[in-house]
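**Student:** sharing a sequence plus its predicted fold:
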Amino acid sequence: MPNIDENLAFAPATELRKLIGEKQVSPVEITQLYLDRIDRLDPQLNSYLTVTSEIAMDAARKAEQAVIDGDELGPLHGIPISIKDLQMTKGVRTTGGSLAYKDRIPDADCAVVERVLAAGAIMLGKTNSPEFGLLGANENRLGEPCRNPWNPERTSGGSSGGAGASIIAGLTSLATGGDGGGSIRIPASFNGTYGIKPTQGRVSSYSGVDAPPASNYTSQQGPLTRTVRDSAMLLQVVAGYDSRDPGSLRAPTPDFEAAVGRGIEGLRVGYSPDYGYGAVDPQVAQISEKAANVFAELGCSVEEADLKLEGAFDTWFTFFSSNAYLTQGHLVDAPDDPLSWYARWCIEAGSKVTGAEYAKAVGERDRMLQQFGDVFEKYDVLVSPTMAVTAFSTEEYPQKIDGQDPYPNPSWGFLPFTHPINTIGHAAASIPCGFDSDGMPVGLHIVGRHGDEETVLAFSAAFEAARPWISHRPRIS
């Protein structure tokens with residue numbers, strides 16, 4: 001293979017799409033580049049649980065021939081992508097981050113994988129995740145934790161931690177993730193990349209498993225990417241109604257790529273430093289507030305929003321843990337005890353939720369919807385820190401945040417901004433906005449109205465243009 005510029009591993013996927021279409025770079029060259037980098041760098045990160053080298057190169061050769069033949073090319077033609085290991089892939093091991101499924105080979109793809117492959121993307125492999133996505137860090141019993149490319153002693157975040165690490169380290173061009181309580185936005189913040197959780201139901205959650213349909217009221221599939229435009233491109237492919245998902249939105253798919261170029265001058269920004277209840281590391285708070293004021297430089301009004309949430313974690317966790325019990329409760333009494341400590345804790349908590357407690361959570365969700373509804377009567381977006389902290393040690397969760405005990409415990413108390421948005425189902429993104437004194441990335445959280453990914457993307461792109469981040473590369477890259 002002729003020499004290829006290693007910097008192409010960090011090029012926006014939209015640029016690769018152009019180069020492939022113009023025959024300036026071949027899908028074979030770019031796929032081999034990523035596979036070589038995975039082989040060389042990923043032993044330090046563990047961002048992949050399975051690497052599909054042969055499948056990827058076979059697909060790349062077919063993609064290259066299609067370009068040579070002048071065939072009509074899909075929107076992701078020849079672009080390498082990593083797939084989160086919670087997402088089913090036909091004929092490719094899908095562990096869900098669990099010992100219980102360490103050898104599972106699905107018979108079908110989930111909806112997201114169907115759509116990215118149909119659009120011409122090339123699957124490089126399956127990225128690391130905590131067991132069933134039930135943790136905001138990235139550890140499981142399949143092997144070493146997924147490590148942060150900026151500092152391998154720190155976590156990559158969860159549950160799409162492998163996706164976030166693989167993007168920022170230049171081990172893929174695009175990445176799919178899922179977000180049930182922050183699982184796209186957490187690793188986006190911790191790894192210094194971009195991630196967007198779409199509106200609930202915007203992207204099909206059909207798993208590919210032949211099982212009775214079960215609505216998951218908090219989880220949504222979405223992209224992690226190098227740039228905002230890359231996310232818009234990938235979201236354009238995976239979004240859309242799917243009758244196999246009972247929670248799928250029966251609504252026209254917006255033009256996400258067009259939204260990236262939309263102006264934001266004159267729009268209104270509400271900034272909340274803590275959602276009225278969350279403890280935040282002082283450095284994170286300072287960097288995030290400074291970043292929020294960038295929107296004033298861009299012609300927006302920026303003021304502090306009056307938002308005071310109460311009981312937000314308990315409300316969200318009632319839905320989240322109940323769904324964990326619904327889907328994986330049969331493993332609690334499995335004779336080989338395959339569950340990680342956090343998965344067992346979450347599933348057992350879900351098993352104890354009473355009808356009265358669930359009904360109370362529904363009522364609390366309605367109250368939260370009213371609170372956020374009031375916010376969005378005044379503002380076009382709500383901005384805050386994405387995380388209360390930067391990426392922490394793989395050995396220990398934050399024991400104190402700004403001198404306070406994390407609620408309900410250290411393994412969950414660092415994400416007060418993300419899970420409320422899963423509860424209400426709005427679109428939200430994390431954008432890189434700076435670094436702390438240890439050189440770890442800080443994310444800014446942008447929340448839009450229900451169904452309004454376009455405004456979230458427009459604000460994200462405007463910030464990206466004003467404060468570009470793509471040139472920042474981590475230690476392991």
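**Tutor:** Great, that's in hand. Numbering: from 1, shown residues only.
**Student:** my guess is residue 88 contacts residue 109. True?
**Tutor:** Yes. Between residue 88 and residue 109 there is a contact at 6.1 Å, judged by Cβ atoms under 8 Å. C-beta coordinates here come from the backbone N, C-alpha and C atoms, glycine included.
**Student:** list residues touching both of these two?
**Tutor:** Any residue near both residue 88 and residue 109 by Cβ atoms under 8 Å, 6 or more residues apart in numbering counts here, and that gives residue 208.
**Student:** quote the end-to-end distance of stretch 264-272.
**Tutor:** Terminal residues of stretch 264-272 are spaced 19 Å apart (Cα to Cα, to the nearest Å).
**Student:** ok, and what's touching that stretch?
**Tutor:** Applying Cβ under 8 Å, 6+ apart, the contact partners of stretch 264-272 are 289, 292, 295-296, 298-305, 307, 375, 378-384, 455, 458-459, 462.
**Student:** so how far is it from its chain's centroid?
**Tutor:** 24 Å (Cα atoms, centre = their mean, to the nearest Å).
**Student:** same check on stretch 381-400?
**Tutor:** Here the centre of stretch 381-400 is set off from its chain's centre by 15 Å, with Cα atoms, centre = their mean.
**Student:** do the same with stretch 58-73
**Tutor:** 30 Å.
**Student:** and it, what's buried?
**Tutor:** By neighbour count on 16 or more other Cβ atoms under 10 Å, the buried set for stretch 58-73 is 59, 60, 63, 64, 66, 67, 73.
**Student:** between those, which is closest to residue 235?
**Tutor:** Of all the buried residues of stretch 58-73, residue 73 has the smallest distance to residue 235: 19.0 Å, by Cβ to Cβ.
**Student:** pLDDT value on that closest one, please?
**Tutor:** pLDDT recorded at residue 73 is 98.
**Student:** check contacts around it.
**Tutor:** Residue 73 makes contact with 20, 21, 66, 67, 120 under the criterion Cβ under 8 Å, 6+ apart.
**Student:** ok but the first one is inside a helix, no?
**Tutor:** Yes. The secondary structure assignment for residue 20 places it in a helix, going by DSSP: H, G, I helix; E, B strand; the rest coil.
**Student:** wait, residue 26 sits on residue 16?
**Tutor:** No. Using Cβ under 8 Å, residue 26 is not in contact with residue 16, being 10.8 Å away.
**Student:** relative to its centre, which residue of the protein is most distant?
**Tutor:** In the chain, the residue that sits farthest from the middle, by Cα atoms, centre = their mean, is residue 69; the gap is 35.8 Å.
**Student:** closest to the centroid, which residue in the chain?
**Tutor:** residue 184 (1.7 Å).
**Student:** can you pull the contacts of that residue?
**Tutor:** Residue 184 makes contact with 160, 163, 177, 178, 195, 196, 197, 222, 223, 224, 430 under the criterion Cβ under 8 Å, 6+ apart.
**Student:** what's the spacing between the residue farthest from the centre of the chain and residue 224?
**Tutor:** According to Cβ to Cβ, to the nearest Å, residue 69 stands 32 Å off from residue 224.
**Student:** secondary structure class for residue 270?
**Tutor:** Secondary structure for residue 270, judged by three-state DSSP, is strand.
**Student:** that one bridge partners, please.
**Tutor:** Residue 270 forms beta bridges with residue 303, residue 382, as assigned by DSSP bridges.
**Student:** quick one, grab the pLDDT at it.
**Tutor:** You'll see residue 270 listed with a pLDDT of 99.
**Student:** for residue 122, see how far away it is.
**Tutor:** 41 Å.
**Student:** the two - which one has more neighbours?
**Tutor:** Counted by other Cβ atoms under 10 Å, residue 270 and residue 122 do not tie: residue 122 has more neighbours, with 29 against 22.
**Student:** surely the more buried one meets residue 79?
**Tutor:** Yes. Counting by Cβ under 8 Å, residue 79 is a contact partner of residue 122 at 6.7 Å.
**Student:** need the overlap of contacts for those two.
**Tutor:** residue 27.
**Student:** tabulate the CA atom coordinates of stretch 133-149 in PDB.
**Tutor:** Coordinates of each C-alpha in stretch 133-149 appear next as PDB, following Å, rounded to 0.1, in the frame of the first residue of the first chain:
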ATOM      1  CA  GLY A 133     -24.300   0.500  29.800                       C
ATOM      2  CA  LEU A 134     -25.100   0.700  33.600                       C
ATOM      3  CA  LEU A 135     -22.200   2.900  34.600                       C
ATOM      4  CA  GLY A 136     -20.800   6.400  33.800                       C
ATOM      5  CA  ALA A 137     -17.200   5.000  33.800                       C
ATOM      6  CA  ASN A 138     -15.900   2.200  31.600                       C
ATOM      7  CA  GLU A 139     -15.000  -0.900  33.500                       C
ATOM      8  CA  ASN A 140     -16.300  -4.500  33.100                       C
ATOM      9  CA  ARG A 141     -15.200  -8.000  33.800                       C
ATOM     10  CA  LEU A 142     -14.100  -8.700  30.200                       C
ATOM     11  CA  GLY A 143     -10.700  -7.100  30.700                       C
ATOM     12  CA  GLU A 144      -8.900  -3.900  31.600                       C
ATOM     13  CA  PRO A 145     -10.900  -0.700  31.800                       C
ATOM     14  CA  CYS A 146     -11.100   1.600  28.800                       C
ATOM     15  CA  ARG A 147      -8.500   4.400  29.400                       C
ATOM     16  CA  ASN A 148      -8.500   8.000  28.600                       C
ATOM     17  CA  PRO A 149      -6.100   9.000  25.700                       C
END
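**Student:** from the chain's centroid, how far away is that stretch?
**Tutor:** The answer for stretch 133-149 is 14 Å, by Cα atoms, centre = their mean.
**Student:** enumerate the positions of that stretch that are buried.
**Tutor:** Using 16+ other Cβ under 10 Å as the test for burial, stretch 133-149 gives 133-140, 142, 145-149.
**Student:** hmm, back to that, closest one to residue 399 out of the contacts of residue 73, please.
**Tutor:** So of the contacts of residue 73, ranked by how close each gets to residue 399 (Cβ to Cβ), first place is residue 120, at 46.8 Å.
**Student:** doesn't that closest one belong to a strand?
**Tutor:** No. Counting by three-state DSSP, residue 120 is not part of a strand but coil.
**Student:** show me the contacts of stretch 264-272 that map onto helices.
**Tutor:** Using DSSP state H, the members of those that fall within helices are 289, 292, 295, 296, 375, 378, 455, 458, 459, 462.
**Student:** now the fifth one: how far from residue 322?
**Tutor:** This points to residue 375. Applying Cβ to Cβ to residue 375 and residue 322 gives a distance of 27 Å.
**Student:** neighbour-wise, which of those two wins?
**Tutor:** residue 322 (23 against 18).
**Student:** now that one, what's its secondary structure?
**Tutor:** helix.
**Student:** who are the neighbours in contact with it?
**Tutor:** 350, 353, 358.
**Student:** buried only: go through the residues you listed for me.
**Tutor:** Using 16+ other Cβ under 10 Å as the burial test, the contacts of residue 322 include 350, 353 as buried.
**Student:** residue 474: which of the contacts of residue 322 is nearest?
**Tutor:** The closest of the contacts of residue 322 to residue 474 turns out to be residue 350 (Cβ to Cβ; 35.9 Å).
**Student:** from residue 337, how far out is the closest one?
**Tutor:** Per Cβ to Cβ, residue 350 is found 18 Å from residue 337.
**Student:** quick one: the strand or helix carrying residue 116 to chain centroid distance?
**Tutor:** Per DSSP states H and E: residue 116 is located in helix 111-118. Once both centres are worked out by Cα atoms, centre = their mean, helix 111-118 turns out to sit 17 Å from its chain's centre.
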